[in-house]
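Student: Give the three-dimensional model of this entry:
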Amino acid sequence: MKRIILALISLVCLFILVSCNQENKIPDGEYALAVEDESILYEPLKESYKPGEKIIVKTHTICDGTVSVTLNGKKELKKEFCKDENNNYYHEWEFIMPEKDSILEFQYHSGMDDIYYSITIEDDEGVVINSFPNVIAGSDTLEIHTSRLDVEFTTTPVIDVDEYKEIKNQKGEVLYYSWSFVMPESDLKIEVHTTTYEPVL
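Tutor: Predicted coordinates:
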């Protein structure tokens, strides 16, 4: 009798393990998409996509602020302000799934009550992969995403740009480099230069 009970318990455990593995398995030919903050999503996303597949990201509107969305640190292909059949408003962002496990991230910016300034990015070599709002509130923390590590920034006025962080996917592959800074209480110009010749990511 004990053997039968032990055999049944073993079968149940095996079934649970197999079920868990099937639930977490990414289908062949697809790559995982990790979402940094699902609470901002107007509609849920799939856990994985095929490379080259169009990803439509829908986000809630924010009453006193704005949000920017990046896939692997890169700006969207298209952004629209939309309304559903119930007259609810949302933002729609469009990306193309790359051939690697990826991360969808959100950055929040201050709202209407703040004083805004403009930011100008001069990037002749095309290493900055994200975009910025037209105007930014003073004291907002922002990120510059670059496809290369060998970059330096010249800013007017002079501000501190924090040491870079490597942003990696689930497999440990570097997706991009992130540099953060605080927006000054003035307009800001940032010139981006590379220091060596290296291939982009």
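
Student: Name all residues that make contact with Leu104.
Tutor: Counting by C-beta atoms under 8 Å, 6 or more residues apart in numbering, Leu104 makes contact with Leu33, Ala34, Val35, Glu36, Leu45, Val57, Val69, Thr70, Leu71, Phe95. Yep, even glycine has a C-beta here, placed from its N, CA and C like the rest.

Student: of those residues, closest to Ser180?
Tutor: Thr70 (13.7 Å; C-beta to C-beta).

Student: need the contact list for the closest one.
Tutor: Thr70 sits in contact with Glu76, Leu104, Glu105, Gln107, Ile129, Asn130, His145, where contact means C-beta under 8 Å, 6+ apart.

Student: Tell me the one of these nearest Glu53?
Tutor: Distances from Glu53 to the contacts of Thr70, taken by C-beta to C-beta, are shortest for Leu104, at 13.7 Å.

Student: could you measure the closest one against His60, distance?
Tutor: Relative to His60, Leu104 is positioned 15 Å away (criterion: C-beta to C-beta, to the nearest Å).

Student: separation between Lys58 and Ser139?
Tutor: Separation of Lys58 from Ser139 (C-beta to C-beta): 30 Å.

Student: For stretch 153-161, the averaged confidence score.
Tutor: Mean per-residue pLDDT for stretch 153-161: 97.

Student: what's the helix or strand for Thr59?
Tutor: strand 54-60 (DSSP states H and E).

Student: give me the number of residues near Lys54?
Tutor: 11 (other C-beta atoms under 10 Å).

Student: got the contact list for it?
Tutor: Going by C-beta under 8 Å, 6+ apart, the list of residues near Lys54 reads Glu94, Phe95, Ile96, Met97.
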